[in-house]
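# Build me a model from this:
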Amino acid sequence: MRSISALSTVIAAAVLVLGLAACDKEDNSAEPTSTTARATTTHPTTTYAAATPTTEPPTTVTTPPPSTPAVAEPTTISCGAGPFDLAVSAVTTRGDAACATAVAVTNAYAVQSDLWDVGFVIPITVGTTTWDCQEHIGTPNPYQECISRDNPSEKARLG
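Numbering: from 1, shown residues only. Alright, predicted model coming up:
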């Protein structure tokens, strides 16, 4: 490409010089002069346009999180009378099956009733599970509540 462009420049310069040389003649005769022009060949010029980069945002595929089974809300179940003739209840997601555990936990906690006090936690172990039990101020009466360390939504109440 560069040699063709240089050749065209040289030819154009030569034609210009010859044309100027003809103008410098002092002879203003009306005789026609003939000049022989050299044949030139031209090659097609190919122009390349710079490619404009396009930036497209990356494609994101959003997948919904895996569905998890619905977790049952804890409900309060009455489990009958317990120590000191107080009512025993279970706050549980396991239904009536939780009553046996609630009665066992409140019976074990009642053995240490001389330690009951608001804010004082007494650990009770029934089977392989430890429960943290304490007295709470209630309206109108205080109540005892034990919370499972393994599953804090499971509670045994005595009130």
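
# Mind jotting down where the helices sit in the chain?
With DSSP state H as the criterion, the chain has helices at 2-23, 98-110.

# can you tell me which of those helices the model trusts least?
If you rank the helices of the chain by mean pLDDT, helix 2-23 sits at the bottom with a mean of 54.

# Quick check: which ranges of the protein have low pLDDT?
Across the chain, the ranges flagged by pLDDT under 70 are 1-54, 59, 70-71.

# quick one: the strands in this protein?
75-81, 87-92, 122-126, 129-136, 143-148, 155-158 (DSSP state E).

# Redo those as TSV? Include distance to P58.
To be clear about C-beta, it is placed using only N, CA and C from the backbone, and glycine gets the same treatment. TSV is the format used below for the strands of the chain (distance: least, CB to CB, whole Å):
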stretch	distance to P58
strand 75-81	48
strand 87-92	48
strand 122-126	54
strand 129-136	50
strand 143-148	47
strand 155-158	49
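
# Dump those into CSV; add mean neighbour count as well.
Compiled in CSV, these are given as follows (neighbours: other CB atoms under 10 Å):
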stretch, mean neighbour count
strand 75-81, 14
strand 87-92, 21
strand 122-126, 16
strand 129-136, 17
strand 143-148, 20
strand 155-158, 26
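
# Of all these, which one is nearest A108?
Of all those, it is strand 122-126 that lies closest to A108, at 4.8 Å by CB to CB.

# now what about that closest one, what contacts it?
101, 104-105, 108-109, 112, 115-116, 130-134, 146 (CB atoms under 8 Å, 6 or more residues apart in numbering).

# One more: stretch 80-91?
74-79, 98-99, 101-103, 106-107, 110, 113, 144, 153-159.

# Nothing else from me, thank you.
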